[in-house]
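*Asks:* Just to be clear, the model below is a prediction. Sequence and coordinates:
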Amino acid sequence: MTEKFLVTLVRPPIVSTVRAVNNEATPSIAFGYISGYLQQHGYRTCIVDGIVEALNRCWPLPEYPGYQCQGLTFDEIIERIPQDSRIIGFSTMFSGEWPVSRRLIQAVRKRFPNTLFVAGGEHITALTEYTLRDCPEIDVAVRGEGERVMHEICEAYLEGHDFSKVAGVAYLDESDAYVQGSLTRIREIASLAWPAWPEDYIEKLWRAGKSYGVQTARDMPVMASRGCPYQCTFCSSPAMWTTRYVLRDIDDLIDEIKSYVARYDITALQFYDLTAITKKRWTIEFCNRLIAEGLDYLRWSLPSGTRSEALDGETLTMLKRTNCNYLVYAPESGSPETLELIKKRIDLGKLTDSVLEAKRQGIVVRTNLIIGFPHEWRRHVFETIRYGLYLAWKGADEVTINIFSPYPGTEIFATLIEQGKITLCDDYFMSLTSLNSDYTSFKPVTANENIGVRELATYRLGFMLLNYLIGYVRYPSRIWRTASNIFGKKNSAATVFEHRVKDMFRRKPSAAAE
């Protein structure tokens, strides 16, 4: 195949408050997949990851007091972009980082005035027209999944065509009119190339002890599915992925895992799926294949949060048998009324039974909860707090409570915009990145008019402290485990709490700024 032009993919640095504990570095699996797909079709690719190439290095944002970036400075990113790049693609995943991402794109444009700029990700998909008008340096936006759309953009650009026939794109035409194609999904995901990771990219994260969920030595990001079939009103997945849910062919997934064993000598897997486990039969078959292929020595985890319907005693036994070491459940609320209003279609009793069974099997368990939805009163919040404390008492290793974020692309966000309760501006976006990464803040921006801001922040901090206190008092062996993982020389952490504390100790402040 004739090699075509060079496409460079640029990832901005992490944005957080100076006291943040949750915002940390992870591999860009999106860039891995896009790079692999483009290479499969003859294009050269270069990934400039502003996070991975300067791990643990922090620098201040003078225009946003109290905020910082972690990673490369803008000048360093620009210097790493090859001069012969015909297309530069930008990842704009998180709305909370948009003001900084916009500044980066504007800075890159000054160095590359004639290069085609493409941007995609969750933020772009949710606020496409707003983003194109807020940052006219972007020539074309990708909405939804990136691989096929990015390839068709490259083909149109190569052949000198416009992008009017490319589904899944949006742009401003010559008359400044907004043009948006339909949001499409890739139906044959088995046809996608596996992620193409640059030389020493994954290894840099391993050496720095970085992982998406809990830290395990030489862990590899993988995806077993795409999309989510549910329509939770607080989640942007329907806007990004539609509600089409596709599980990968198990043979293809196993072959990918075996290739990582051969190339990287991996010891663990981390599944980045939105909703990894929905079908019991598929899950049992996957576990059986791990055993049959002799891959059951690999640790594997589900750090994103998953459903519980398929996680009964039989399934959890197989997860434990195949070395699943960390499982995250996402009940979101302990209030039945809230669960109904946010369209979180779960049976709280059955989910609780699954959590307790997972603990009985010896799997480290985390549950994610949210308080402060727009409709909630104190009784809803107290129901969730009571439920969280019950899970902690019963042995869940981590029970987190976050304050609700009105995130672009969600049904609740659309309602709040329609009601005039959200104004899109830099202050709003920056408030999103600080809302649940800094537990010391008592002035978070919330969407709840029934409960005071400080009160919600107090509930969050108090619950977090009480959750870990209960865990360490009732299960004192965890004290030694946590101390050993944080202060010892082992390249591991049993919980995200342990992992993030280790990350904080590794950060290196820098005076560098733009």
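*Replies:* Cool, the structure landed.
*Asks:* strand partners of the helix or strand that contains I370, parallel vs antiparallel please.
*Replies:* Using DSSP states H and E, I370 falls within strand 364-371. Partners of strand 364-371 in the sheet, by DSSP bridges, are strand 324-332 (parallel), strand 398-403 (parallel).
*Asks:* Only alpha carbons, please: show it as CSV.
*Replies:* Taking Å, rounded to 0.1, in the frame of the first residue of the first chain, the C-alpha atoms of strand 364-371 are listed here in CSV:
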residue,chain,number,x,y,z
VAL,A,364,-11.7,-5.4,45.6
VAL,A,365,-14.9,-3.4,45.0
ARG,A,366,-15.7,0.3,44.5
THR,A,367,-19.1,1.9,44.1
ASN,A,368,-19.8,5.4,42.6
LEU,A,369,-22.5,7.6,44.0
ILE,A,370,-23.7,11.1,43.1
ILE,A,371,-25.6,13.7,45.2
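*Asks:* Pretty sure R226 sits against T243.
*Replies:* No. If you go by C-beta atoms under 8 Å, R226 and T243 don't touch, sitting 11.6 Å apart. Any C-beta I mention is one placed from the backbone N, CA and C, and that applies to glycine too.
*Asks:* Tell me who's in contact with the residue of the chain most remote from its centre.
*Replies:* Farthest-out residue of the chain from its mean C-alpha position, per C-alpha atoms, centre = their mean: S175, at 36.1 Å. Residues in contact with S175 (C-beta atoms under 8 Å, 6 or more residues apart in numbering): none are found.
*Asks:* so how far is S182 from it?
*Replies:* Going from S175 to S182 by C-beta to C-beta, to the nearest Å gives 21 Å.
*Asks:* same thing with Y43?
*Replies:* Distance from Y43 to S182, by C-beta to C-beta: 24 Å.
*Asks:* The two: which is more packed in?
*Replies:* Y43 (22 against 9; other C-beta atoms under 10 Å).
*Asks:* which residue ranges form the strands in the stretch 201-350 of the chain?
*Replies:* In the stretch 201-350 of the chain, the segments counted as strands under DSSP state E, counting those that start in this stretch are 219-222, 225-226, 246-247, 268-271, 299-306, 324-332.
*Asks:* right, and the ones you listed - which one's nearest A292?
*Replies:* strand 299-306 (15.6 Å; C-beta to C-beta).
*Asks:* where does this structure have low pLDDT?
*Replies:* Along the chain, the parts satisfying pLDDT under 70 run over 1-3, 22-23, 434-437, 505, 507-514.
*Asks:* can we see that at 50?
*Replies:* Along the chain, the model assigns pLDDT under 50 to residues 513-514.
*Asks:* Check it for its longest helix and report it.
*Replies:* Counting by DSSP state H, the longest helix found in the chain is helix 453-474.
*Asks:* Against which helices or strands is the helix or strand just after that one packed?
*Replies:* Scanning forward in sequence from helix 453-474 by DSSP H and E, the next helix or strand is helix 477-487. Where contact means 3 or more C-beta pairs under 8 Å, 6 or more residues apart in numbering; DSSP states H and E, helix 477-487 is packed against helix 453-474, helix 496-506.
*Asks:* Could you check helix 477-487 and say which residues are buried?
*Replies:* Of all the residues in helix 477-487, those buried under the rule 16 or more other C-beta atoms under 10 Å are R478, R481, T482, N485, I486.
*Asks:* Identify all contacting residues around it.
*Replies:* With contact meaning C-beta under 8 Å, 6+ apart, helix 477-487 is reached by 215, 397, 471-472, 490, 492-495, 497-498, 501-502, 505.
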